[in-house]
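Engineer: sequence? don't have it. structure:
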């Protein structure tokens, strides 16, 4: 479908930062919109209670709070939609992260505590994702704090940040990664980054009875042609991938056959990622109006 909304004339560069129960969240980090593509209804969220840009660095009282990253999802416990925003705060004598949450039912923001790990969360279209009450960001490594790159999670119901280690096979000097869902389980794509390798390894996240996360390899794909990056599984057997020419490729892991689809990314868009794919979208009549209208 083509979605022509009036706010796109104001800011056409809004990015998708998640969807749930038929609602889509679009943002440039400053402004946030909730959209129901089926009803064409949209709602601009109230201004942040944290974001503030100071006047000048030479000012001894200079202070700024700039949006860092955003996540959107559904809180099943309170039957509410939430937007979580991490804000980077800088002043003459301090640097720290603060976090605010928007509750659609209340149509307002509130601040919560910000643990140190939220400062490494980073949005990327191939990685950040909402799944079963949890939002996932890519966590970049920081010397003296984190030993390796990892995953940052946020529980929408419990309002808790956490971190998950990556598969030991991941090497940031050789690989790129994507996070997606297969058969309701989190899977990790590990694929080549400027190397002679062509294989794409797919790992499944597993949790034991104590909540300890581990990874087990599901399968390896050898495309035999240039693949920019994997997109997502559309079924347990079919995987969408983007070629380095901007085409969408369908791969069937049962028959091991590849098929070029009639979908192409914008060739004028700077590589990589001319095409973005998310988990399956479900149509709904849920209202995006906050407060009692929800």
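Structural biologist: That came through fine. Keep in mind the model is a prediction, meaning the values are calculated, not measured.
Engineer: Give me the residue ranges of the stretch 1-150 of the chain where confidence is low.
Structural biologist: Per-residue confidence of the stretch 1-150 of the chain (counting by pLDDT under 70) places the weak regions at 1, 3-12, 53-63, 92-93, 125-126, 141-148.
Engineer: What segments of it are strands?
Structural biologist: 15-20, 23-27, 32-36, 41-44, 63-75, 80-91, 95-103, 108-112, 121-122, 129-131, 134-139, 150-155 (DSSP state E, counting those that start in this stretch).
Engineer: Nearest to residue 235 among these would be which one?
Structural biologist: Closest of the strands of the stretch 1-150 of the chain to residue 235 is strand 129-131, at 17.0 Å (criterion: CB to CB). Just so you know, the C-beta spots here come from the backbone N, C-alpha and C atoms, and that holds for glycine as well.
Engineer: for that closest one, packing partners?
Structural biologist: Packing partners of strand 129-131 (3 or more CB pairs under 8 Å, 6 or more residues apart in numbering; DSSP states H and E): strand 15-20, strand 63-75, strand 134-139, strand 175-182.
Engineer: Swap in 7 Å and give it another go.
Structural biologist: strand 63-75 (3 or more CB pairs under 7 Å, 6 or more residues apart in numbering; DSSP states H and E).
Engineer: what packs against the strand it packs on?
Structural biologist: Contacts defined by 3+ CB pairs under 7 Å, 6+ apart place strand 63-75 against strand 15-20, strand 80-91, strand 129-131, strand 134-139.
Engineer: Measure how it sits relative to strand 32-36, angle-wise.
Structural biologist: Angle between the axes of strand 63-75 and strand 32-36 is 20 degrees (criterion: axes from the mean of the first three to the mean of the last three CA atoms, to 10 degrees).
Engineer: List the buried residues for strand 63-75?
Structural biologist: By 16 or more other CB atoms under 10 Å, the buried positions in strand 63-75 come out as 65, 67-75.
Engineer: Now tell me what touches that strand from outside.
Structural biologist: 17-18, 20-21, 25, 27, 29-30, 32, 50-54, 81-91, 97-98, 121-123, 128, 130, 133, 135, 137, 154, 156-157 (CB atoms under 7 Å, 6 or more residues apart in numbering).
Engineer: same deal with stretch 82-90?
Structural biologist: Contacts of stretch 82-90 with the rest of the structure, by CB under 7 Å, 6+ apart, involve 25, 32, 45, 48, 50-51, 64-73, 75, 96-103, 118, 121, 135, 154, 156.
Engineer: likewise stretch 212-231?
Structural biologist: Contacts for stretch 212-231 (CB under 7 Å, 6+ apart): 126, 164-165, 167, 176, 178, 187-189, 191, 198-207, 239-244, 251, 253, 258, 271-273, 275, 277.
Engineer: One more pass at 6 Å, please.
Structural biologist: The set of residues that contact stretch 212-231 without belonging to it, under CB atoms under 6 Å, 6 or more residues apart in numbering, is 126, 164, 167, 178, 189, 198-204, 206-207, 240-244, 272, 277.
Engineer: same thing with stretch 151-171?
Structural biologist: Around stretch 151-171, the neighbours that count as contacts under CB under 6 Å, 6+ apart are 71, 73, 75, 77, 82, 84, 112, 115, 117-118, 121, 133-137, 139, 150, 190, 203, 213, 215.
Engineer: Just the buried ones from those?
Structural biologist: Neighbour counting over those (16+ other CB under 10 Å) leaves 71, 73, 75, 82, 84, 117-118, 121, 133-137, 139, 150, 190, 203, 213, 215 as the buried ones.
Engineer: beta partners for the closest residue to residue 134 other than its chain neighbours?
Structural biologist: Closest residue to residue 134 in three dimensions, ignoring its sequence neighbours and counting by CB to CB, 6 or more residues apart in numbering: residue 153, at 5.3 Å. On the basis of DSSP bridges, residue 153 is bridged to residue 136, residue 162.
Engineer: got it, and residue 221?
Structural biologist: The residues paired with residue 221 through beta bridges, assigned by DSSP bridges, are residue 200.
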